[in-house]
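Q: Okay, structure incoming, though there's no sequence with it:
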């Protein structure tokens, strides 16, 4: 079969053999994420026509203003996962605590948990900028038959079974890895199916794009300031191109295709960084490494960090391997 004509569902079935412990649950789980993505995509595309734009008037546990679409996307993904009774627990950036799934058929016997950022970059939706969803899947560590506990969610990123993101842009794409490379699927809205459009996605070893919020320059560590100056220097292969959308999924997706580095460092305003280890950094790091890139906090591998709380924040440097290593060298200095 022509790879361009393979649907996401067919691809999952064809690659079922790679799922070490699965007897179908992981495939069904990714399929439920696919369904939720299509529902959220439909709502995002109508954002200017229905009352779904703007702040909801509430804040999440991190003290950030929740957008109406944040809440909507969170409910859609939760419903898709809960109604199909495939997972035993869910943690979301928009929830104060993790959710224990009860279910009619004893969901405590299910193997998998999902952690997610339901709508990354949602504050940009009213200006028609691409937004996305990030998800991460683990096998539980507590015994089957029991309700999930906090330790099921506080696993290192290296224990991830699968991770991915959906970018809602000029076209809608679902990109994921189950530990055997990274593949991208584009939604055909006419028939509602995702088709394999970007097989075996790989970061170029180096690139010429750097993505960072330079508005916070004064608050960055000196190593980051020095790396920015390096990127801007007039040399044979520089200055690099500065590109920053403000939606992690969008910035990361562009850099993976074209070659680049995405940085959200610590700062005097956010000493531990701003992005969440469990919902953003770990899944993006897994995808990065599977695509031949590198993801660190500036000093150590993101996926080696032992989480201590659900909403823990960390700095992140991710992208083309040579660019990340160069940034790390400035951090060491």
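A: Perfect, thanks for sending it. Not measured: the values here are computed from a predicted model. Numbers count the residues shown, from 1 in each chain.
Q: so residue 282 makes contact with residue 306?
A: No. The pair residue 282 / residue 306 is not scored as a contact, 11.4 Å apart, by C-beta atoms under 8 Å. Every residue, glycine included, has its C-beta placed from N, CA and C.
Q: So if I had to pick from those two, which one is more boxed in?
A: Neighbour totals were compared for residue 282 and residue 306, and residue 282 leads with 29 against 10 (other C-beta atoms under 10 Å).
Q: contacting residues around the more buried one?
A: Residue 282 sits next to 115, 136, 157, 160, 163, 302, 303 when contact means C-beta atoms under 8 Å, 6 or more residues apart in numbering.
Q: List the residues that contact the fourth one.
A: Read that as residue 160. Residues counted as contacts of residue 160 (C-beta under 8 Å, 6+ apart) are 136, 137, 138, 179, 282, 283, 286, 303.
Q: Can you tell me which of the residues you listed comes closest to residue 38?
A: residue 137 (18.8 Å; C-beta to C-beta).
Q: Run a quick check on residue 269 versus residue 218, I expect a contact.
A: No. Contact between residue 269 and residue 218 fails when scored by C-beta under 8 Å: they sit 9.6 Å apart.
Q: hey, what's in contact with both of those two?
A: Residues touching both residue 269 and residue 218 (C-beta under 8 Å, 6+ apart): none.
Q: For this structure, which helix or strand comes out least confident on mean pLDDT?
A: strand 55-59 (a mean of 52; mean pLDDT, DSSP states H and E).
Q: shaky segments in the stretch 151-300 of the chain?
A: For the stretch 151-300 of the chain, no stretch has pLDDT under 70.
Q: just the strands in it please.
A: 162-168, 172-177, 182-188, 193-198, 209-211, 241-242, 260-264, 294-296 (DSSP state E, counting those that start in this stretch).
Q: List the beta-bridge partners for the closest residue to residue 252 other than its chain neighbours.
A: Once flanking residues are discounted, residue 252 sits nearest to residue 262: 5.4 Å by C-beta to C-beta, 6 or more residues apart in numbering. Beta-bridge partners recorded for residue 262 (DSSP bridges): residue 211, residue 318.
Q: Just list the residues touching residue 262, thanks.
A: Residues near residue 262 by C-beta under 8 Å, 6+ apart: 211, 212, 248, 251, 252, 255, 316, 317, 318, 319.
Q: Kindly recompute the last result at 10 Å.
A: By C-beta atoms under 10 Å, 6 or more residues apart in numbering, residue 262 lies in contact with 209-212, 243-244, 248, 251-256, 275, 284, 288, 293, 295, 316-320, 323-324.
Q: for residue 146, same thing?
A: Taking C-beta under 10 Å, 6+ apart as the criterion, residue 146 is in contact with 88, 108, 109, 140, 152.
Q: try residue 192
A: 34, 35, 38, 41, 42.
Q: Just give me the closest of the residues you listed to residue 186.
A: residue 41 (11.5 Å).
Q: Now for the closest residue to residue 312 other than its chain neighbours, how many residues are close by?
A: The shortest distance from residue 312 to any non-neighbouring residue, by C-beta to C-beta, 6+ apart, is to residue 277 (4.7 Å). As a burial measure, residue 277 scores 28 neighbours (other C-beta under 10 Å).
Q: Equivalent analysis for residue 8, please.
A: Neighbour tally, residue 8, other C-beta under 10 Å: 22.
Q: OK, contacts around the residue nearest to it when sequence neighbours are not counted?
A: Spatial nearest neighbour of residue 8, chain neighbours left out: residue 194 (4.0 Å); criterion: C-beta to C-beta, 6+ apart. Each residue near residue 194 by C-beta under 10 Å, 6+ apart is listed here: 6-9, 11, 34, 37-38, 166, 172-174, 184-188.
Q: Out of those, which end up buried?
A: By neighbour count, with 16 or more other C-beta atoms under 10 Å, these hold 6-8, 11, 34, 37-38, 166, 172-174, 184-187 as buried.
Q: where's the residue most central in space within the chain relative to residue 175, distance?
A: Central residue of the chain (C-alpha atoms, centre = their mean): residue 134, 3.2 Å from the mean position. To residue 175, residue 134 is 10 Å away according to C-beta to C-beta, to the nearest Å.
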